[in-house]
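Asks: Here's my sequence, what's the structure:
(chains A and B)
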Amino acid sequence: MALAWAAIPFQPPSASSISEGVDQLYYLLTGITLFFTVLVFSIIFYFMVKYRRKSPDQVAAETHTSMVLELAWTIIPSLICVVLFVWASALYVRNSRPPASSTEIFVIGKQWMWHLQHPEGPREINELHVPVGVPVKLTMTSQDVIHDFYIPAFRVKKDALPGRYTSLWFEPTETGTFHLYCAQYCGTNHALMIGWVYVMSPKDYANWLAGGEKTESMSQQGERLFTQYGCSGCHVADGSGRAPSLAGLYGKPEKLASGETRVVDEALIHQAITIPNSVHVPGRQAIMPTYQGQLDEEQILQLIAYVKSLGSQERNGK
Amino acid sequence: MSTAIAEIHEGPAESSVNYLNANYGIKSWLLTTDHKRIGLLYLGVITFMFLIGGTAATIMRLHLVEPQGALLEPETYNKLFSTHGIVMVFFFLVPSIPATLGNFLIPMMIGARDVAFPRLNLMSWYIFVTGCLFALAAILSGGVDTGWTFYPPYSSIYSHTPVVVMALGIFIAGFSSILTGLNFVVTIHKMRAPGMTWFRLPLFIWALYATSIIFILGTPVIAITLFLLGLETLLHVGIFDPAIGGDPLLFQHMFWFYSHPAVYIMILPSMGVVSELITAFSRKKIFGYSFVAFSSLAIAVISFIVWGHHMFVTGQSIYAGLVFSVLSFLVAIPSAVKVFNWTATLYKGSISYEAPMLYALGFIGLFTIGGLTGLFLAALATDVHLNGTYFVVAHFHYIMVGGALMGYLGGIHFWWPKITGRLYPDMWARIAAGLVFVGFNLTFFPQFVVGYMGMPRRYAVYPAEFQVLNVMSSAGASVLAVGYLIPLVYLTWSMRYGPPAGRNPWGAKGLEWTTPSPPPTENFEEPPIVTEEAYNYPTAGAVHV
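Replies: Numbering: from 1, shown residues only, chains lettered A, B, ... in the order given. The predicted structure follows:
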């Protein structure tokens, strides 16, 4: 089935674990569209010829509305829509959930380029190197306006929004080079906010990671920022500082002074850094200054990586 | 019947005083409260706006002949597609049929002397013109580069173009929509001639009624949205920009809460026109009158709860996505019901193929494709791939140009003899209709393919592998442009030189055809009394389907 379709030109490369499922649905929809278009066109053409006015005074025959027909052409399309909805939704729900084993890579959209950072440290611009056969989860945000990360060959797309983290995931199934686009209009050079995804064999990928400049990992970079910006002065590890210890915090539900309980995730940490007063915890004074404008999105992601690493260290310790 | 035809062509001597020559001078037009004249005032303004939007599109398509861009800097290209979208949506398609044909025909079709509030009607036109002037000012001072969707924080903080002036133009023009909708609803409720019951109304009236409801309920939301956008831009109040405490997705929810129903503001009136054309040119009662009528209302209601399908890839929750997806599939059903009923109307009809009928049949074909390709975008898994690509561009042009615009042109051709009292050369009109159909498909069909291939929309430059399909599209656009210009020539010509049309050149049913062409200022020589259903064409015996 897949092979037969592949012979048709005008099709983007299909290179992720979800491409084929999306394509099958696409072909089903195309089939339905063709069927109904041909049906409606042929009936209209047939009537146009058969019932054309042959003499100027020709009158129509009287026909009566048929409840059977009305019900048929209401119910049959409804049933088709139900099938399509269920099919498409099941596929979407499956395609939306990244496997737990996914490698995480961080993406920042910025007028007009993509910044990417691997947790091991290497950074890329408008290029993304990933190993074949490994699920990859992208955690994305934007430094300025709304962008959209789109890899047609993988059939994935998600907005990168300022002030929020969104995510998408894929598992490349073929090695090769594939287009990467910004698919949300973002200003003058929107059309230049493009790049390439390089899908490599695991060995090539390991070589690629090892090659290039030696860089610290993201959490090490975050740790350096943590000291440099004075965070460590208050957020003392043993909890004796003016601010709570961050060890083991990631992923924990935390009661805030507003009375709300929120799980500490990327979004909450981002908020705590940029608008600290909005999420301070009870029993502490809201004295933390905002770092908005001082730290860019890339640095905030590094700090998040550091906070996450504190969590895992503690869990490992126990 | 043959005597009836002879009478149509020779025409009874019409009284020489009509709404066009009842009084003269620019003042008699600018201060008129006659719904027919106001309809023509709108026609003049929106035709001008259409030419601006169309010129922008033509230059864009020329530019895209080459992957690296043949003509323009990216900045200019961005301004052109923004101008094209804004002008075509807010200043042409939204007012197109309602403000021109709706104004002209609603009182005539229901047997009234005018709309319920004639002076308010004139005021609506002035409001619309004021909105247009702001938009033109924004265009002349360089144009905006935000796209017609104005997504913040780009539009509010990052764009260095006159966004506020343009938004103000749309804001002002919106009040014209609201007041026109209000006027129509009251007119249809209160001004029907004796005997014109709800189920004797022409389906055009049902469609305009549904449209008016969307005007009244939807337009205030876009006004509020653009007002807030202006606040953020001018006063830096954090509403949409997260850097100052706002939420950019809030804008999208509010924008699409209006702008999705706005698609039905554009298509419903065309559906109404098509119901009139199909019946008139097959001389037959509509098949399934109440199904066609109620499907218009169903579309109007459901259109308000599908907006989230524009936001499937924004990070909106999966569950919201599921709900919006199922509702979007649901809105396809009443549209399908209409297509099937129009097709069934042709069955055993007496069908002739004058230009308006060609437009109507073209509408059914293109709307069918436009509607079915909407399913690809209502389906979550495929939308993720297709959202933001040329597939979406192709889909909505099949609806808004293949559907709404074809219906508008069909309606203009159908009622032109009534409006001007003159006939246009039918052969030229058929040629133009053919060119529009062929040119349209050549322009937009390749865009489905290039979209599925992954080409994002709003790209001033693009990868070379998409060039062949883009060149096809540009070639189609030039055919389409010729198809639009020809009617401009022969319709203008016919106003002066066309042969007199007589009351009812098509032999159509409907009150508007019982009065002279052009009609007298008071519409009817005597107030009509309605004694029959709509589309009560003579028939040759009953056949049961």
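Asks: how close does the residue lying closest to residue B:123 once chain neighbours are set aside sit to chain A?
Replies: Nearest residue to residue B:123 in three dimensions, chain neighbours excluded: residue B:179, at 6.9 Å (C-beta to C-beta, 6 or more residues apart in numbering or on different chains). No exception for glycine: its C-beta is placed from N, CA and C like everyone else's. Going from residue B:179 to chain A by C-beta to the nearest C-beta, to the nearest Å gives 32 Å.
Asks: Isn't residue B:179 up against residue B:125?
Replies: No: counting by C-beta atoms under 8 Å, residue B:179 stays clear of residue B:125, with 9.8 Å between them.
Asks: related to what we said a few turns ago, run through the residues that contact the residue nearest to residue B:123.
Replies: The contact partners of residue B:179, by C-beta atoms under 8 Å, 6 or more residues apart in numbering or on different chains, come to B:120-121, B:123-124, B:127.
Asks: Tell me the predicted confidence for residue A:10.
Replies: On pLDDT, residue A:10 comes in at 73.
Asks: Same question for residue A:5.
Replies: On pLDDT, residue A:5 comes in at 45.
Asks: number of nearby residues for residue B:47?
Replies: Other residues within reach of residue B:47, judged by other C-beta atoms under 10 Å in any protein chain shown, total 15.
Asks: what do you get for the one 3 residues further on?
Replies: Around residue B:50 sit 20 other residues, with neighbours defined as other C-beta under 10 Å.
Asks: Is there proximity between the one helix or strand it maps to and chain A?
Replies: Under the criterion of DSSP states H and E, residue B:50 resides in helix B:35-63. No: against chain A, helix B:35-63 shows no contacts by C-beta under 8 Å from any C-beta of the partner chain, the least distance being 11.5 Å.
Asks: just checking, residue B:411 touches residue B:360?
Replies: No: applying C-beta under 8 Å, one finds residue B:411 not in contact with residue B:360, separated by 9.1 Å.
Asks: Common neighbours of these two, please.
Replies: Here residue B:411 and residue B:360 have B:273, B:277 as joint contacts, going by C-beta under 8 Å, 6+ apart.
Asks: returning to that earlier point: just checking, what packs against the helix holding residue B:50?
Replies: Applying 3 or more C-beta pairs under 8 Å, 6 or more residues apart in numbering or on different chains; DSSP states H and E, we find helix B:35-63 packed against helix B:74-86, helix B:103-110, helix B:118-140, helix B:406-420, helix B:467-497.
Asks: quick one: secondary structure of residue B:168?
Replies: Recorded secondary structure, residue B:168: helix (DSSP: H, G, I helix; E, B strand; the rest coil).
Asks: can you list the contacts of residue B:179 in CSV and add neighbour count?
Replies: Output for the contacts of residue B:179, formatted as CSV (neighbours: other C-beta atoms under 10 Å in any protein chain shown):
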residue, neighbour count
B:120, 16
B:121, 25
B:123, 16
B:124, 27
B:127, 20
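Asks: And the helix holding residue B:50, what's buried?
Replies: Within helix B:35-63, the residues scored as buried using 16 or more other C-beta atoms under 10 Å in any protein chain shown are B:35-43, B:45-46, B:49-50, B:52-54, B:56-61, B:63.
Asks: which residues does the nearest residue to residue A:119 once chain neighbours are set aside contact?
Replies: Leaving out its chain neighbours, the residue that sits closest to residue A:119 by C-beta to C-beta, 6+ apart is residue A:218, at 5.1 Å. For residue A:218, the contacting residues are A:106, A:117-121, A:301-302, A:305-306, by C-beta under 8 Å, 6+ apart.
Asks: what's the closest non-adjacent residue to the closest residue to chain A within the stretch 401-545 of chain B?
Replies: Minimum separation of the stretch 401-545 of chain B from chain A (C-beta to the nearest C-beta) falls at residue B:454, amounting to 2.7 Å. Excluding its sequence neighbours, the residue lying closest to residue B:454 (C-beta to C-beta, 6+ apart) is residue A:152, at 2.7 Å.
Asks: What pLDDT is listed against that neighbour?
Replies: For residue A:152, the model assigns a pLDDT of 97.
Asks: my guess is it contacts residue A:11, does it?
Replies: No: using C-beta under 8 Å, residue A:152 is not in contact with residue A:11; the gap is 10.2 Å.
Asks: Give the residues shared as contacts by the two.
Replies: Listed as contacting both residue A:152 and residue A:11 by C-beta under 8 Å, 6+ apart are residue B:453.
Asks: More neighbours: the two, which one.
Replies: Using other C-beta under 10 Å as the criterion, residue A:152 and residue A:11 rank with residue A:152 on top: 26 against 16.
Asks: wait, is residue A:104 part of a helix?
Replies: No: the assignment for residue A:104, made by three-state DSSP, is strand rather than a helix.
Asks: just the helices in the stretch 101-250 of chain A please.
Replies: With helices called from DSSP state H, counting those that start in this stretch, the stretch 101-250 of chain A shows them at A:202-210, A:218-228, A:231-234.
Asks: Could you check the pLDDT of residue 21?
Replies: You didn't pick a chain, so chain A it is. We have a pLDDT of 96 for residue A:21.
Asks: Oops, wrong one, chain B.
Replies: pLDDT at residue B:21 comes out at 91.
Asks: measure it to chain A for me?
Replies: Distance, residue B:21 to chain A, using C-beta to the nearest C-beta: 32 Å.
Asks: likewise residue B:297?
Replies: Distance of residue B:297 to chain A, computed by C-beta to the nearest C-beta: 15 Å.
Asks: so that residue touches residue B:210, yeah?
Replies: Yes: look at residue B:297 against residue B:210 with C-beta under 8 Å: they come within range, at 5.3 Å.
Asks: By mean pLDDT, which helix or strand of chain A comes out lowest?
Replies: Ranked by mean pLDDT, DSSP states H and E, the helix or strand of chain A with the weakest confidence is helix A:2-6, at a mean of 47.
Asks: name the helices or strands packed onto the helix or strand that that one is followed by?
Replies: Per DSSP H and E, the first helix or strand lying C-terminal to helix A:2-6 is helix A:19-50. Judged by 3+ C-beta pairs under 8 Å, 6+ apart, the packing partners of helix A:19-50 are helix A:2-6, helix A:67-96, helix B:318-346, helix B:355-378, helix B:380-386.
Asks: hmm, the longest one touching chain B?
Replies: Going back to what we said before, that points to helix A:67-96. Yes: legend: contact between helix A:67-96 and chain B by C-beta under 8 Å from any C-beta is shown at A:69-70, A:73-74, A:77-78, A:81-82, A:84-85, A:87-89, A:91-93, A:95-96.
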